[in-house]
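In: pasting the sequence and the predicted model now:
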Amino acid sequence: MVEAVAFPSGVVQLAFGGGLEPLLTGAGKVVMLTNEHVARLYPEQFAGRQTIVLPPGENTKDVATVARVAEELLALGAGRDALLVAVGGGVITDIGGFAASIFMRGIRFGFVPTTLLGMIDAALGGKNGVNLNLHKNMLGTFTHPAFIYFDPKWLKTLPTVEWSNGFAEIIKYGFIADKNLYDELHSGFLGGYREDPDAASNLIRRCVDIKVDTVVRDEKEKNIRKLLNYGHTVGHAVETLYDLPHGHSVAVGMVVAAMVSEQVTGIVGLEQLTVSLLDRYYLPTYIKIDPANVTALLRADKKRRGDAVDFIVLEAVGRAAIHTLPFQLIHETLQAYVGRS
Ligand SMILES: NC(=O)c1ccc[n+]([C@@H]2O[C@H](COP(=O)([O-])OP(=O)(O)OC[C@H]3O[C@@H](n4cnc5c(N)ncnc54)[C@H](O)[C@@H]3O)[C@@H](O)[C@H]2O)c1
């Protein structure tokens, strides 16, 4: 099934099954982009195709790699009518989307997310970014892919740690937007979704719908799209400083965001609910951090406003809000968090 979604700045074909081939028609040269893990696990997906293969890992998500992709595209003879298809997790789709959106001032690109996190979050929404030194996603564009091809078959080889990585964002969707999803997650468990492709597909579809609906209404993150950053302000800092996977960092960020929410909105018991749900999906909750380092990095955040930062808090499970909060309050909360680690 293929569904066309009209975002303000472009139409994206969301394809759920049906094969990749029909999505590749009409382009000039088709070049695939992936990483060594995915290329090794799925050689048949790249057989007979010109493919750029990058080393895996978040530390490849930088301008040097984008330059390398552009050089390889040139060497393969890609012109302005080329189509770049990024096949991989969020690191590959971020690099591919950014490289394609600036190569020759922009060529068409498509995404085939191969991780849970990629399917329910990273491939969706038109944000393509790479890191600049310690600054996460500091360089990037808002450009949608021409298509996103969803196929749960990739998830069969995904390690447990990457499943739980994706569940951090799924739990986030429950907290900010969908109390029913939150309830389902409380009775479900990771292995259950893993062993049941239909349950996993349904879950992916629900999360895709939440993200698409949010981005259609606020593509450029002026208001409600910011709510998707629940857990991400502290999460991004932790990801950079402590070299944790994205979802694991967001999990830690959600524990801190729950503590902040309890102070700011008066919501009761959120920290406990958050910790029990994260535990259920093998996600970290209390880790050793240095509050001074985290706060220093937050001060360099894109979303900072002088001595304060836009921070997403929960008013209730299923309802989030944006509050501009002083760094001091966040710093004190981080100190309280450390006391529990
Ligand atoms: N652009 C956005 O809107 C957005 C949103 C969320 C996250 N992100 C970015 O996404 C990145 C995280 O994405 P991720 O969690 O997918 O990490 P990732 O891309 O590093 O993939 C995680 C690991 O899984 C491996 N892998 C990929 N597919 C596999 C498969 N089918 N089977 C086995 N192994 C597989 C990869 O090689 C890698 O080692 C971060 O850089 C984050 O900033 C971007």
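Out: Alright, I've got the coordinates. Every value quoted in this text rests on a predicted model; they were computed, and no experiment measured them. Residues are numbered from 1 along each chain as shown.
In: phi, psi of the spatially most central residue of the chain?
Out: For the chain, the residue nearest the mean C-alpha position is residue 122 (3.4 Å; CA atoms, centre = their mean). Main-chain dihedrals, residue 122, degrees, to the nearest 10: phi -60, psi -30.
In: how about it: what's its closest non-neighbour residue?
Out: residue 90 (3.1 Å; CB to CB, 6 or more residues apart in numbering). From N, CA and C alone the C-beta is placed, and that goes for glycine too.
In: give the contact list for the one you found.
Out: 113, 115, 117, 118, 121, 122, 123, 246 (CB atoms under 8 Å, 6 or more residues apart in numbering).
In: now residue 230
Out: 172, 175, 176, 254, 257, 312, 314, 320 are the contacts of residue 230 under CB under 8 Å, 6+ apart.
In: could I get the contacting residues of the last one?
Out: Shown here is residue 320, whose contacts under the criterion CB under 8 Å, 6+ apart are 175, 176, 177, 227, 230, 312, 313, 314.
In: tell me the one of these nearest the ligand?
Out: residue 230 (12.6 Å; CB to the nearest ligand atom).
In: partners of the strand or helix carrying residue 15, with directions?
Out: Secondary structure from DSSP states H and E places residue 15 in strand 10-16. Here strand 10-16 has these sheet partners by DSSP bridges: strand 2-7 (antiparallel), strand 147-150 (parallel).
In: among these, which comes closest to the ligand?
Out: strand 147-150 (11.9 Å).
In: contacts for the strand holding residue 15 next, please.
Out: The contact list for strand 10-16 (CB under 8 Å, 6+ apart) reads 1-5, 22-23, 126, 143-150, 201, 205, 208, 212.
In: please repeat the previous calculation with a cut-off of 10 Å.
Out: Residues outside strand 10-16 that contact it (CB atoms under 10 Å, 6 or more residues apart in numbering) are 1-6, 22-23, 110-112, 123-126, 142-152, 201, 204-205, 208-209, 212, 215, 219.
In: give me the buried positions along it.
Out: Counting neighbours by 16 or more other CB atoms under 10 Å, one finds that the buried residues in strand 10-16 are 12, 13, 14, 15, 16.
In: what segments of the stretch 51-200 of the chain are helices?
Out: For the stretch 51-200 of the chain, helices defined by DSSP state H, counting those that start in this stretch occupy the ranges 63-75, 90-102, 116-117, 160-177, 179-187, 190-195, 197-217.
In: please list the residues of the chain that sit near the ligand.
Out: For the chain, the residues found near the ligand under the criterion CB under 6 Å from any ligand atom are 35, 37-38, 41, 56, 58, 61, 88-92, 94, 114-115, 117-118, 121-122, 125, 127, 137, 154, 157-158, 162, 165, 245-246.
In: next secondary structure after the worst-scoring helix or strand of the chain on mean pLDDT?
Out: Ranked by mean pLDDT, DSSP states H and E, the weakest helix or strand in the chain is strand 304-305, scoring a mean of 80. Sequence-wise, the next helix or strand downstream of strand 304-305 (DSSP H and E) is strand 308-316.
In: that following strand - contacts with which helices or strands?
Out: helix 160-177, helix 232-242, helix 246-264, helix 270-280, helix 291-298, strand 319-326, helix 327-340 (3 or more CB pairs under 10 Å, 6 or more residues apart in numbering; DSSP states H and E).
In: same list, these, but as a markdown table with mean pLDDT please.
Out: Formatted as a markdown table, those follow (pLDDT from 0 to 100):
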| stretch | mean pLDDT |
| --- | --- |
| helix 160-177 | 97 |
| helix 232-242 | 93 |
| helix 246-264 | 97 |
| helix 270-280 | 97 |
| helix 291-298 | 94 |
| strand 319-326 | 96 |
| helix 327-340 | 95 |
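In: CSV for these, including distance to residue 304?
Out: Output for the helices and strands packed on strand 308-316, formatted as CSV (distance: least, CB to CB, whole Å):
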stretch, distance to residue 304
helix 160-177, 21
helix 232-242, 10
helix 246-264, 16
helix 270-280, 24
helix 291-298, 7
strand 319-326, 10
helix 327-340, 8
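In: now residue 288: which helix or strand?
Out: Assessed by DSSP H and E, residue 288 sits outside every helix and strand.
In: wait, it sits on residue 338?
Out: Yes. Using CB atoms under 10 Å, residue 288 makes contact with residue 338 at a distance of 7.6 Å.
In: of the two, who's got more company?
Out: Neighbours of residue 288 and residue 338, each counted by other CB atoms under 10 Å, are more numerous for residue 338; the result is 15 against 7.
In: so what's that one up against?
Out: 286, 287, 288, 289, 290, 291, 294.
In: backbone dihedrals for the second one, please?
Out: Meaning residue 287. The phi/psi pair for residue 287 (degrees, to the nearest 10) is phi -120, psi 170.
In: contacts only, for it.
Out: Counting by CB under 10 Å, 6+ apart, residue 287 touches 238, 242, 244, 248, 249, 251, 252, 255, 337, 338, 341.
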